[in-house]
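> need coordinates for the below:
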Amino acid sequence: MDAACFKNELDKRVEYIENVIGGYLPEEKGNASKVFAAMNYSVLAGGKRLRPMLVLETYRMFAGEGFPIVPDAVTAAMAAIECVHTYSLVHDDLPAMDNDEYRRGRLTTWKVYGDAIGILAGDGLLNYAFEILNEAAVKEFEKNDAVMAQRLIRAAACLSKKAGSFGMIGGQTADLEAEGKGNSVKLDELMFIHEHKTACLIQAALMMGAILGGADDDQLNAMERCGYNVGIAFQIQDDILDIIGNTEELGKKVGSDAANDKVTYVTLKGLEQSKADVELLSNEAEAILAGIEGDHEFLDALVLSLVTRRK
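The predicted structure is shown next:
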């Protein structure tokens with residue numbers, strides 16, 4: 001897929017996903033309207049919509065159908081994982097965590113609504129993700145589609161584990177513990193952080209799409225490995241861009257890791273080895289996808305774009 005074709009297909013999917021997510025957002029009414037408004041403000045802040053896109057494309061690869069005709073069970077999974085991803089960003093920005101006032105060029109949720117509502121908005125999005133999945137499963141049972149209902153339950157279990165204390169939350173905890181340790185942070189500690197904080201939710205997206213598409217256990221394990229490679233390569237590329245990136249392209253200052261005395265993959269392995277490892281990890285991810293039947297041309301291009309991005 002050439003660059004122009006990929007860009008065109010990417011834009012179509014982003015527009016479609018924006019519409020899907022918008023259809024699941026809660027109405028801003030009633031006594032709890034403020035927290036609904038904060039939740040919606042957070043989700044509608046924009047972004048790549050990477051995780052729901054990975055759900056969509058992996059489902060399409062295994063099911064042999066998909067965009068633009070997508071079952072309700074799949075759109076529910078797409079909306080759910082974006083809610084979980086957004087909640088993690090809302091909480092990351094809080095004063096007790098990263099204390100960030102801006103994200104994607106606008107005020108963060110807690111700066112607009114206060115840190116108390118910021119906490120509740122994050123809590124609300126996390127819970128809402130599983131409301132979406134559970135309600136979708138009930139609807140599938142009501143339609144007498146027990147197979148898809150069971151797949152939704154399994155997808156929800158996958159998301160809860162990858163996002164929880166054994167996954168993303170565990171990675172965030174380890175990242176907080178590493179603050180202030182400087183060069184004493186070892187490679188195995190850093191890899192734990194990268195795997196759990198970054199790769200786990202990418203694994204969840206690929207695995208949820210695979211589950212809903214009818215993948216068997218071996219194929220599901222393959223998607224988990226693929227997600228690990230993509231997630232780690234994505235994070236290493238982020239570390240690389242903090243050194244060689246362009247501030248204008250990135251939309252944020254470069255060199256912040258060094259300024260904050262933060263140990264990164266590049267710090268420990270060097271720039272050239274880091275670049276080589278990104279290539280190795282991405283090649284392995286592509287090889288995993290190549291071993292699976294189905295249409296994954298766009299998914300291949302999407303994975304490549306993530307690990308070779310300049311912003």
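> going forward, measure contacts between C-alpha atoms and count neighbours the same way
Fine.
> which stretches in the chain count as strands?
Here the chain has its strands, by DSSP state E, at 102-103, 106-107.
> name the surrounding residues that touch the first one.
Taking C-alpha atoms under 8 Å, 6 or more residues apart in numbering as the criterion, the residues outside strand 102-103 that touch it are T108.
> make TSV out of the strands of the chain and add mean pLDDT, mean neighbour count and distance to V307.
Listed next are these as TSV, based on pLDDT from 0 to 100; neighbours: other C-alpha atoms under 10 Å; distance: least, C-alpha to C-alpha, whole Å:
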stretch	mean pLDDT	mean neighbour count	distance to V307
strand 102-103	90	15	22
strand 106-107	93	13	26
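> mind checking which of these is nearest Q273?
strand 102-103 (30.7 Å; C-alpha to C-alpha).
> show me what contacts F67?
So F67 contacts 13, 56, 60 (C-alpha under 8 Å, 6+ apart).
> separation between it and M53?
Applying C-alpha to C-alpha, to the nearest Å, the value for F67 to M53 is 10 Å.
> common neighbours of the two, please.
Common contact partners of F67 and M53 (C-alpha under 8 Å, 6+ apart): R13.
> before we move on, back to that, turn the strands of the chain into JSON lines, including distance to A32.
Shown next, in JSON lines, are the strands of the chain (distance: least, C-alpha to C-alpha, whole Å):
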{"stretch": "strand 102-103", "distance to A32": "25"}
{"stretch": "strand 106-107", "distance to A32": "22"}
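> which among the ones you listed is found nearest to K181?
Across those, K181 has its closest neighbour in strand 102-103 (26.3 Å, C-alpha to C-alpha).
> where does the prediction get shaky in the stretch 151-300 of the chain?
245-261 (pLDDT under 70).
> burial of S33, as a residue count?
Residue neighbour count, defined by other C-alpha atoms under 10 Å, stands at 13 for S33.
> could you do the one 4 residues further on as well?
Taking other C-alpha under 10 Å as the criterion, the count of residues near A37 is 19.
> which residue, other than its chain neighbours, is closest to it?
E28 (5.6 Å; C-alpha to C-alpha, 6 or more residues apart in numbering).
> how about T58?
Once flanking residues are discounted, T58 sits nearest to G209: 4.8 Å by C-alpha to C-alpha, 6+ apart.
> same question, G167
H196 (4.9 Å).
> from memory the one you found sits against G170, does it?
Yes: counting by C-alpha atoms under 8 Å, G170 is a contact partner of H196 at 6.5 Å.
> comparing these two, which residue is more hemmed in?
Of the pair H196 and G170, H196 is the one with more neighbours under other C-alpha under 10 Å, namely 29 against 19.
> and that one, what is it in contact with?
Neighbour list for H196: 162, 166-172 [criterion: C-alpha under 8 Å, 6+ apart].
> tell me the contacts of I81?
I81 makes contact with 51-52, 129, 159, 205 under the criterion C-alpha under 8 Å, 6+ apart.
> correction: D98
D98 makes contact with D92, according to C-alpha under 8 Å, 6+ apart.
> for it, give its distance to T267.
Separation of D98 from T267 (C-alpha to C-alpha): 21 Å.
> R60 contacts D295, correct?
Yes: using C-alpha under 8 Å, R60 is in contact with D295, at 7.3 Å.
> tell me which of these two has more neighbours.
Neighbours of R60 and D295, each counted by other C-alpha under 10 Å, are more numerous for R60; the result is 24 against 18.
> gap between A222 and E297?
According to C-alpha to C-alpha, A222 and E297 sit 17 Å apart.
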